[in-house]
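# Mind looking at a prediction? Sequence and model below.
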Protein chains: 2
Amino acid sequence: MNDPIQPNPVQPTFRATVRVTLKRAILDPQGRAVEATLKRLGATNVEDVRIGKLIELSLTGERSAVEKQLGELLARVLSNPVMEEATYTLTEVGGEGAPAETPTGA
Amino acid sequence: MNDPIQPNPVQPTFRATVRVTLKRAILDPQGRAVEATLKRLGATNVEDVRIGKLIELSLTGERSAVEKQLGELLARVLSNPVMEEATYTLTEVGGEGAPAETPTGA
């Protein structure tokens, strides 16, 4: 039975911001469409538009376990490693220190 | 006629990375769907998943003009200020200095 005096150790929570973009060599039809629209609207100085996904999520657990888990989630669910590149920043909720941009080895 | 000796002054090019996310108060059905999938796959420590857009584009021109133009493009084309928030970083291609994260007053 849980010792009532010793509270359950609260695990840290991290906020992850994941950026998923198509690999450079892959044509981005969505980006092309947006680029054409911007040019039609007069923004002729715009080039090389690329559209990607931004995924934000909170994960509870020790940092090393959270990083490992996030790497797996990225490779298996949140991105397609064949065509996409994923990087993420991890910030402890309520913690200090600048978020570390971590390219995933996905 | 253009003075052949004085080459046309090359204008700087900037790479903008735009993050468009739904405002906090607005329900994110896409985020909810991803969250449910992650939990079904066993990631029960995941909470508050939010999905947004990541738009990268190059713009040529003086920094102040590019910033003004980008603010307008964000407000009129690339995001919906009623439901979405947009922030961007602007990095001069070939220039130094850290990109400045600029919340748009869209």
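Great, that's in hand.

# Distance-wise, check the residue nearest to the spatial centre of chain A relative to chain B.
Nearest to the geometric centre of chain A sits residue A:18, at 0.5 Å (CA atoms, centre = their mean). According to CB to the nearest CB, to the nearest Å, residue A:18 stands 10 Å off from chain B. Where you see a C-beta, it was placed from the backbone N, CA and C, and this is true even at glycine.

# what packs against the helix or strand hosting that residue?
Per DSSP states H and E, residue A:18 falls inside strand A:13-22. Judged by 3 or more CB pairs under 8 Å, 6 or more residues apart in numbering or on different chains; DSSP states H and E, the packing partners of strand A:13-22 are strand A:46-60, helix A:63-73, strand A:84-92, strand B:46-60.

# and for it, what are the contacting residues?
Here strand A:13-22 makes contact (CB atoms under 8 Å, 6 or more residues apart in numbering or on different chains) with A:28, A:50, A:52-61, A:63, A:66, A:70, A:74, A:78-79, A:83-94, A:99, B:47, B:54, B:56.

# Find the least confident helix or strand in chain A, judged by mean pLDDT.
Between all helices and strands in chain A, the lowest mean by mean pLDDT, DSSP states H and E belongs to strand A:100-103, at a mean of 53.

# can you count the residues close to residue A:45?
17 (other CB atoms under 10 Å in any protein chain shown).

# oh sorry, the question was meant for residue A:48
Residue A:48 has 14 neighbours, counted by other CB under 10 Å.

# Give me the spatial nearest neighbour of it, chain neighbours excluded.
Spatial nearest neighbour of residue A:48, chain neighbours left out: residue B:58 (4.7 Å); criterion: CB to CB, 6 or more residues apart in numbering or on different chains.

# swap in residue A:34?
Spatial nearest neighbour of residue A:34, excluding adjacent residues (CB to CB, 6+ apart): residue A:49 at 4.9 Å.

# okay, the residue nearest to residue A:48: pLDDT?
Looking at residue B:58, its pLDDT is 97.

# how much space between it and residue A:76?
33 Å (CB to CB, to the nearest Å).

# ok, those two, which is more surrounded?
Applying other CB under 10 Å to residue B:58 and residue A:76 shows that residue B:58 carries more neighbours, namely 17 against 12.

# follow-up on the earlier one: isn't the residue nearest to residue A:34 up against residue B:53?
No - using CB atoms under 8 Å, residue A:49 is not in contact with residue B:53; the gap is 11.8 Å.

# So for these two, which sits in the more crowded spot?
Taking other CB under 10 Å, residue A:49 and residue B:53 do not tie; residue A:49 has more neighbours (23 against 18).
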